[in-house]
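[1] The amino acid sequence is not available; the structure is as follows:
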Ligand code: SF4
């Protein structure tokens, strides 16, 4: 059934087998599978989120705002499952008007957060993308993606697939503080390695670079070295952007866990602060590292048919 929208979501309790999940999850039905995005800077125009909210609990999570459109609750604790997403997606993809544009899988959630091990929605989504020859991109922090490796490889053969991992540090103690419930950074790089020699394009989203915490030469070098070793096709860095409600959530975290940089954070993220000098210094460091650790990207197998994939 594919009939009620997010605003009018039908919510009911969902009981996952693992007691650890109890109380966190709610089912909902969705009107449409895809959200149209015309940002002007993203290399795709469609986004598909099979969940709302995310149990990975990254301290800097940029997507907290997305819960404002639901019936409230905590982004990390009250997670909605779009039970009818595959049905809605097929309705869209089988339309004669569908242009086979790239779909991003999870702009405001991680499609492979822990509940996906139980729900297994992603395999259905990937089978539909294969059936309707529609390219897709995804970014994750979870090794669970490898469960569906064969499906990504098949999608790459018939339409095009980009698999990226987002990373901030290889320092596990630090990673556990800022991304407490995701796979280790090493495991994320292993995802990319698993696609070596396939048609799947692989990338590293080196973001967000956290000022005064993960912006050191040593940390950035470790990540570039690991990206090269894992055979990544591209690396895209990005600095931390604090918009509400992430701003309050993250600054509270900094105050508690990194009090020594709390004042510099308040100053750097204050209104009217000229961020250009700092931004330029970080990007200068990154440009040098890009030269020190050159990548050997594979040729995009569908450059003409699906030009937008080239923009990664
Ligand atoms: S994995 Fe992404 S969506 Fe999930 S908490 Fe982290 S930043 Fe937010």
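    Right, received. Where do you want to start? Just so it is clear, the model here is predicted, and its values are computed rather than measured.
[2] When you work out contacts or count neighbours from here on, use the C-alpha atoms and nothing else.
    OK.
[3] Quick check: residue 161 vs residue 225, distance?
    From residue 161 across to residue 225, the span is 24 Å (Cα to Cα, to the nearest Å).
[4] More neighbours: the two, which one.
    residue 161 (29 against 17; other Cα atoms under 10 Å).
[5] Show me what the longest strand along the chain is in contact with.
    As assigned by DSSP state E, the longest strand anywhere in the chain is strand 201-209. The contact list for strand 201-209, computed with Cα atoms under 8 Å, 6 or more residues apart in numbering, reads 139, 161-168, 192, 195, 215, 223, 227, 231-241, 298, 300.
[6] Make a ChimeraX selection of the buried ones in those residues.
    With 16 or more other Cα atoms under 10 Å as the criterion, this ChimeraX line picks the buried residues out of those:
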select :139,161,162,163,164,165,166,167,168,192,195,215,223,227,231,232,233,234,235,237,241,298,300
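[7] if we can go back for a sec, packing partners of the following helix or strand past the longest strand of the chain?
    Downstream of strand 201-209, the next assigned helix or strand under DSSP states H and E is helix 217-229. The helices and strands touching helix 217-229, judged by 3 or more Cα pairs under 8 Å, 6 or more residues apart in numbering; DSSP states H and E, are helix 276-292.
[8] Buried residues of the helix it packs on, list them for me.
    282, 286, 289-290.
[9] which residues sit against that helix?
    Counting by Cα under 8 Å, 6+ apart, residues outside helix 276-292 touching it are 215, 217, 220-221, 224, 237, 239.
[10] ok, for residue 130, nearest residue in space, not its chain neighbours?
    residue 155 (5.2 Å; Cα to Cα, 6 or more residues apart in numbering).
[11] How about residue 295?
    Nearest to residue 295 is residue 228, by Cα to Cα, 6+ apart, at 5.8 Å.
[12] List the contacts of the residue nearest in space to the middle of the chain.
    By Cα atoms, centre = their mean, the chain has its centre lying nearest to residue 139, at 3.8 Å. Counting by Cα under 8 Å, 6+ apart, residue 139 makes contact with 105-106, 110, 163-166, 205.
[13] Get me the contact residues on this structure for the ligand.
    Taking Cα under 6 Å from any ligand atom as the criterion, the chain approaches the ligand at residues 54, 56-58, 61-63, 108-110, 141.
[14] Pretty sure residue 297 sits in a strand.
    No - under DSSP: H, G, I helix; E, B strand; the rest coil, residue 297 falls outside any strand and is assigned coil.
[15] Report pLDDT for it.
    On the pLDDT scale, residue 297 is placed at 89.
[16] Show the pLDDT at the residue nearest to it when sequence neighbours are not counted.
    Distances taken as Cα to Cα, 6+ apart place residue 233 nearest to residue 297, at 4.1 Å, with adjacent residues excluded. At residue 233, the model reports a pLDDT of 97.
[17] Surely residue 233 is in contact with residue 295?
    Yes - between residue 233 and residue 295 there is a contact at 6.3 Å, judged by Cα atoms under 8 Å.
[18] all strands in this protein, in order from the N-terminus.
    Using DSSP E, strands in the chain cover 12-13, 25-28, 34-36, 46-48, 51-52, 79-82, 103-105, 136-140, 161-167, 201-209, 234-239.
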